[in-house]
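Undergrad: Sequence isn't available, so here's the structure alone:
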């Protein structure tokens, strides 16, 4: 079975957060992954794990991973175990690393972002993190409260403010112009490959 690069990074991000944070249950993990993916998207235009997040009542949830926690597939089981721990608030599903963290899969930016998130939320509870995901003008708030699209996918573009969206669109246009110019030069045979 082939495992995509993004999926390997997802498993390793789970391993990282299980090693570097306390009180890590499923809900807290989902929030950390959400912050990782949306902040990285804001900086680079792409997520780290490739997960899609949905606007559920307690915040953004990667529905596919949520479903996998209920019935873990073999590739997840190879990397992470899921223990049930009994707390004062009831049972908590806790991810437990089965492998050592492999930093080689990540860019320096991704690693620094994971370190920053682990430091910021090291001792936070899931409830405290839920509050952070519900802040006004943030993606979950826009989809769940403003648009009323409960259970709907949260578009990554909502991580950007209007100015950032305009800037990204400008870069995309400029890049497309370069690609189109290169393509046009190649089509009419005027490109010079002698270098």
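TA: Thanks, I have the structure now. Remember, it's a predicted structure, so these values are computed and weren't measured experimentally.
Undergrad: from here on, contacts and neighbour counts on C-alpha atoms
TA: Fine.
Undergrad: Could you report the separation of residue 100 from residue 19?
TA: Here residue 100 is placed at a distance of 9 Å from residue 19 (C-alpha to C-alpha, to the nearest Å).
Undergrad: Between those two, point out the one with more neighbours.
TA: residue 19 (16 against 11; other C-alpha atoms under 10 Å).
Undergrad: Point me to the helix or strand that includes the more buried one.
TA: Take DSSP states H and E as the rule and residue 19 turns out to sit in helix 5-20.
Undergrad: average pLDDT across that helix?
TA: Mean pLDDT, helix 5-20: 96.
Undergrad: between the helix or strand that that helix is followed by and helix 5-20, how big is the angle?
TA: Next along the chain after helix 5-20, taking DSSP H and E as the criterion, comes helix 26-44. Here helix 26-44 points in a direction 120 degrees away from that of helix 5-20 (axes from the mean of the first three to the mean of the last three C-alpha atoms, to 10 degrees).
Undergrad: now for helix 26-44, which elements pack on it?
TA: helix 5-20, strand 59-61, strand 90-97, helix 108-121, helix 126-133 (3 or more C-alpha pairs under 8 Å, 6 or more residues apart in numbering; DSSP states H and E).
Undergrad: which one of the ones you listed has the most crowded surroundings?
TA: Among the helices and strands packed on helix 26-44, strand 59-61 has the highest mean neighbour count (mean count of other C-alpha atoms under 10 Å), at a mean of 26.
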